[in-house]
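Chemist: Task: produce atomic coordinates for the following.
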Amino acid sequence: MEVQKLNVLEDDMSEENLDRCIASLESSRGSRILAYVTSDRQPPLKAKIATDIIPIFYEHLKRIGNTDKIDLFIYSTGGDIMPPWRLVNLIREFSKDFNVLVPYRAHSAATMIALGADKIVMGRLGELSPIDPNIGTPFNPPHPDVPNEPKIEISVEDVFGYINLAKEKLKVTEQSNVVSVLEKLVDKIHPLAIGAVYRTHSLIRLLATKLLSLHMDEEKEAVQINQIVEGLVEKLYYHNYLINREEAKKLGLKIESPSYELEQLIWDLYLVYKEEIGLGEPFNPMQLIPEEQKSHKMKAYIACISSKGFHTKYFKSIELSRLPSQQPGAPPQIGVQEAILGWKDFESKKEE
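Modeler: Below is the predicted model:
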């Protein structure tokens, strides 16, 4: 079956549009621009920050070479907690002046990347988020209502919230009662998964501290660093809490508000990616299968790393199939099969 396009792909003018926006930003900022965007759409069109980006960024940085100033334009709703530390250190190998540009969403792991920047340039719509992670291990509990669903991810702060509720609000202090609280927890969550929660909590605090210490004095600014870490890891209480630039300043982060002209240039680049990847758009498979067909195959582009003249895009192949109804009168069901196609480089055409 012919592969249909779900997003704008390599046969359009997208690289030229990206290059034009990146060149304008570079001229305005007096810097070299890197851009990293991951899809925020529903699965199977969702993408997250992962370790496979590190060698790709290295290729882009080698092309740029050592330079005075690098700005990372980022849009992502998060991902793994380890790539930010490695990525920030890699970028700083090529430039000591490193800044992050936030047009809109830079959540979770993207917020961690921003912690390693000398300045975070946030537009009026810019958002950061808490960095308390959700973890998945082989020992996570199964979904209580849908056995075939993936296991439930565990929120690190939910576990600590349960224990703190017992100790601080319910005043559970007797040793035997504390043991009973822990036993109730272990009844629902495997002890090894709880151990992973504790390790992850310690790791996220360590990484956040190390990222901030790249541009803050770990001794002289220890109180301020700890205040930022506490705020982002524990004191906002909800992983999906959204932090605007004024609140980010109050937390102690080095936030820079762009001029109207610069904010528009940052937003223009975001709009190109929004059009290409469909950022924020719902995924309705029922509308994608032509009425006369039982299945439909598509090629989806769900993440991108860009520098001027060079773009690396991440693709999936997705096949949607109409499934017979299990019961008379029941709404039709759609089966989804996906295959990873991976990263592919696109080099822009050089001007004559």
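Chemist: Nearest residue to the middle of this structure?
Modeler: Geometric centre of the chain, nearest residue: G78, 2.1 Å, by Cα atoms, centre = their mean.
Chemist: Verify the contact between that residue and R105 for me.
Modeler: No. Under the criterion of Cβ atoms under 8 Å, G78 makes no contact with R105, lying 9.1 Å away. Quick note: C-beta positions are derived from backbone N, CA and C, even for glycine.
Chemist: buried sites along stretch 259-276?
Modeler: L262, E263, L265, I266, W267, L269, Y270, V272, Y273, K274, E276 (16 or more other Cβ atoms under 10 Å).
Chemist: ok, which pair from those is furthest apart?
Modeler: L262 and E276 (22.2 Å; Cβ to Cβ).
Chemist: Can you show me the strands along this structure?
Modeler: Assigned by DSSP state E, the strands in the chain fall at 4-5, 32-38, 69-75, 97-102, 119-122, 134-135, 154-155, 255-256, 295-307, 310-323, 333-347.
Chemist: who does the fifth one pair up with?
Modeler: Same thing as strand 119-122. strand 97-102 (parallel), strand 255-256 (parallel) (DSSP bridges).
Chemist: Compare those and give me the one nearest A50.
Modeler: Nearest of these (Cβ to Cβ): strand 97-102, 18.4 Å.
Chemist: where in the stretch 251-352 of the chain is pLDDT low?
Modeler: 329, 349-352 (pLDDT under 70).
Chemist: For the residue nearest to the centre of the chain, which residues are in contact?
Modeler: By Cβ atoms under 8 Å, 6 or more residues apart in numbering, the contact list for G78 reads K48, I49, H107, S108, A109, A110, T111, S129.
Chemist: mind putting the strands paired with strand 119-122 in JSON lines, distance to E246 included?
Modeler: Listed next are the strands paired with strand 119-122 as JSON lines, based on distance: least, Cβ to Cβ, whole Å:
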{"stretch": "strand 97-102", "distance to E246": "13"}
{"stretch": "strand 255-256", "distance to E246": "8"}
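Chemist: Quick check: which of the ones you listed is buried the most?
Modeler: Of the strands paired with strand 119-122, the one with the most neighbours on average (mean count of other Cβ atoms under 10 Å) is strand 97-102, at a mean of 24.
Chemist: Who are the contact partners of S307?
Modeler: So S307 contacts I22, R32, I33, L34, A35, H60, R63, I64 (Cβ under 8 Å, 6+ apart).
Chemist: nearest to L72, of those?
Modeler: Distances from L72 to those, taken by Cβ to Cβ, are shortest for L34, at 5.0 Å.
Chemist: got any ranges where the stretch 1-150 of the chain has weak pLDDT?
Modeler: 1-13, 133-150.
Chemist: where along it do the helices fall?
Modeler: Here the stretch 1-150 of the chain has its helices, by DSSP state H, counting those that start in this stretch, at 14-29, 53-64, 83-94, 109-115.
Chemist: Work out the gap between the last one and the centre of the chain.
Modeler: To tie it back to what came earlier, the one meant is helix 109-115. 9 Å (Cα atoms, centre = their mean, to the nearest Å).
Chemist: With the first one instead?
Modeler: Centroid separation for helix 14-29 versus its chain: 23 Å, with Cα atoms, centre = their mean.
Chemist: Of the contacts of S307, which pair is most distant in space?
Modeler: A35 and R63 (13.8 Å).
Chemist: Comparing the two, which residue is more hemmed in?
Modeler: A35 (25 against 13; other Cβ atoms under 10 Å).
Chemist: mind listing what I318 touches?
Modeler: L6, P44, L45, K297, M298, K299, A300, V336, Q337, E338, A339.
Chemist: Of the residues you listed, which is the nearest to L253?
Modeler: L45 (30.7 Å).
Chemist: can you tell me the distance between the two ends of stretch 65-80?
Modeler: In stretch 65-80, first residue to last residue: 27 Å (Cα to Cα, to the nearest Å).
Chemist: Buried residues in it, which are they?
Modeler: K69, I70, D71, L72, F73, I74, Y75, S76, T77, G78, G79, D80.
Chemist: which residues touch the residue lying closest to the second one once chain neighbours are set aside?
Modeler: So that's I70. Spatial nearest neighbour of I70, excluding adjacent residues (Cβ to Cβ, 6 or more residues apart in numbering): S95 at 4.1 Å. Taking Cβ under 8 Å, 6+ apart as the criterion, S95 is in contact with R32, N66, T67, D68, K69, I70.
Chemist: These: which two are farthest apart?
Modeler: Longest span within the contacts of S95, Cβ to Cβ: N66 and K69, 11.1 Å.
Chemist: I figured S306 hits N17, correct?
Modeler: No. S306 is not in contact with N17 according to Cβ under 8 Å; the separation is 10.8 Å.
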